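Asks: Got a predicted structure plus its sequence, pasted below:
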Amino acid sequence: MNEKRILLIVTGGIAAYKSLELVRLLKRQGLSVRAVMTQSATEFVTPLSMSVMTEDQVYGHMFDLKEEREIGHIQLSRQADLVVICPATANILAKMAAGISDDLATTILLATDKPVLAVPAMNVRMWNHPATQRNLAQLRADGVHIMDPDEGAMACGEFGPGRLPEPPAIAEQICAMLGHDFDAMLTSGRSPTTVPSGVPLARPLSGQRILVTAGPTHEAIDPVRYIANRSSGRQGFAIAAAAAALGADVTLIAGPVHLATPPGVARIDVETAIDMQAAVEKALPVDAAIMVAAVADWRAAQAPEQKIKKDGGNIPALNLTENPDILASLATHTHRPRLLIGFAAETEKILEHAQAKLAKKGCDWIVANDVSGDVMGGAKNAFHIVTKDGVDSWPESAKDVIARKLMEKVADALAKG
Ligand code: C5P
């Protein structure tokens, strides 16, 4: 059975009691949950209650010989498809941002190569504190998914953002990240007849094949040197993750980046523009292609098999030749996707250049972004969606948030035919 596995890390806040309800809901959705509790979490919820809910032992001690012998701390995250921290206190977020590992939970978080979702809950002042906001920005840049807290009355008597979202909303987010069908009826416990009509279809890209390219390409100068660019791949990976979460069948062709594969995404790693073009060809046909990769425009005309030696005062000339334009070649391909989207990273005259690119490349949309700041490698982005009908400008948001918005727009466009 291909049961998706969640490693739930519970930290010590008043909202910890809601983690029991979350486990119940996740299990009803057919997911398996194993729990790790920090020392302070056990002040709010007993390990016994959690163990009854997970139907498993609860892990908590780094140096517990029995636990470590039965399942080592590295194994705990290896065996999971997704690591969820719920509730995530300001303290654990700060430790994660700093890379501290002083107990089992933080050691797992530093060692894991699995996607991580943090669901913060804390007092509004702690949430708004510049230190917490700085840590959140760092964690987003590190690729951690952060679920926004709810706003409202808090256990401490104050009002504002910082409340843990309700467990059904967290369960839905977890299912989306795992590409697991979320059944709202199982969560609400209501019979089919009482479910309100007009509940949005959670997986509007179901049945659609979507190709995403991401990251830079590396073009060899010789066996040890290469031409590269500053693309981190984060925006493309966020788009692939959002497409999978909305139900698409996603192929992600990634240049050399250090990012975890989003759940439910088929990833193909490539190095050069020529490799990327071959991988794109192989992935066809698809319904939509979103070409986010920062493909190198040029490669070295000759890349000798041996390292170029430093030879006295002779500085070697670097002769360049043009790379294939993968986006433009898809536009005229016999298997042209129904929706073809290019990206345009610009440092000036953004809309003007994007409009010219739309015509030149023959694609349907150009997503233009201003990379004159720290967008490349950063956690946030702002999009201008340029189509033949005009420009839709979206304000700056976290890369995963803007990715979700883009994929919802793609779903609408594909549904209209
Ligand atoms: O021409 P420019 O690099 O500005 O265009 C950017 C868009 O074209 C991106 O969508 C990028 O993935 C795509 N591109 C490509 N092949 C290239 C260069 C860019 O597919 N050789």
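Replies: Cool, got the structure. Owing to the predicted nature of the structure, the values given are computational and were not obtained by experimental measurement.

Asks: For R225, list the residues it contacts.
Replies: When contacts are counted by CB atoms under 8 Å, 6 or more residues apart in numbering, R225 touches K307, I308. Any C-beta I mention is one placed from the backbone N, CA and C, and that applies to glycine too.

Asks: Pull up the gap between it and K399, please.
Replies: 30 Å (CB to CB, to the nearest Å).

Asks: Could you do A345 as well?
Replies: A345 is 14 Å from K399, by CB to CB.

Asks: More neighbours: the two, which one.
Replies: K399 (24 against 20; other CB atoms under 10 Å).

Asks: That one and G233 touch, don't they?
Replies: No - look at K399 against G233 with CB atoms under 8 Å: they stay out of range, at 10.5 Å.

Asks: what residues are shared contacts of those two?
Replies: What both K399 and G233 touch, as defined by CB under 8 Å, 6+ apart, is an empty set.

Asks: Around the residue in the stretch 1-150 of the chain that the ligand sits nearest to, how many other residues sit close by?
Replies: Residue nearest to the ligand within the stretch 1-150 of the chain (CB to the nearest ligand atom): G143, separated by 20.8 Å. Counted with other CB under 10 Å, residues neighbouring G143 total 21.

Asks: measure I239 to the ligand for me?
Replies: I239 sits at a distance of 12 Å from the ligand (criterion: CB to the nearest ligand atom, to the nearest Å).

Asks: Is the ligand within reach of the strand or helix carrying I341?
Replies: Assigned by DSSP states H and E, I341 belongs to strand 339-346. Yes - applying CB under 6 Å from any ligand atom, one finds strand 339-346 touching the ligand at G342, F343, A344.

Asks: Same check on stretch 267-281?
Replies: Yes - Stretch 267-281 lies within reach of the ligand by CB under 6 Å from any ligand atom, at A273.

Asks: How about residues contacting that stretch?
Replies: 211, 213, 217-220, 251-256, 261, 283, 289, 293, 295-296, 299, 323-324, 326, 329-330.

Asks: One more: stretch 386-400?
Replies: By CB under 8 Å, 6+ apart, stretch 386-400 touches 140, 145-146, 234-235, 238, 241-242, 344, 351, 354-355, 358, 364-368, 379-385, 402, 405.

Asks: and the gap between the closest residue to G264 other than its chain neighbours and L110?
Replies: Computed as CB to CB, 6 or more residues apart in numbering, the closest residue to G264 that is not its neighbour in sequence is G179, at 2.8 Å. Computed with CB to CB, the distance linking G179 and L110 is 26 Å.

Asks: neighbour-wise, which of the two wins?
Replies: Neighbours were counted for G179 and for L110 using other CB under 10 Å; G179 has more, 22 against 13.

Asks: Give me the phi and psi for the more buried one.
Replies: In terms of degrees, to the nearest 10, the main-chain angles of G179 are phi 60, psi 30.

Asks: Now do the contacts for it.
Replies: A244, A245, G247, P263, G264.

Asks: Buried among those? Make that a ChimeraX selection.
Replies: Buried members of those, defined by 16 or more other CB atoms under 10 Å, are picked up in ChimeraX with:
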select :244,245,247,263,264
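
Asks: From the contacts of G179, pick the one nearest the ligand.
Replies: A244 (19.7 Å).

Asks: That closest one: what secondary structure?
Replies: Secondary structure assignment for A244 (DSSP: H, G, I helix; E, B strand; the rest coil): helix.

Asks: again, but for L93
Replies: Under the three-state scheme (three-state DSSP), L93 adopts helix.

Asks: wait, isn't it in contact with P120?
Replies: Yes - counting by CB under 8 Å, L93 touches P120, with 6.4 Å between them.

Asks: what is in contact with the two at once?
Replies: Common neighbours of L93 and P120 (criterion: CB under 8 Å, 6+ apart): L136.

Asks: Between those two, point out the one with more neighbours.
Replies: P120 (30 against 25).

Asks: pLDDT at the more buried one, what is it?
Replies: At P120, the pLDDT value in this model is 96.

Asks: Distance-wise, check the closest residue to G143 other than its chain neighbours relative to the ligand.
Replies: Once flanking residues are discounted, G143 sits nearest to L259: 6.0 Å by CB to CB, 6+ apart. Shown here: L259 relative to the ligand, a distance of 17 Å by CB to the nearest ligand atom.
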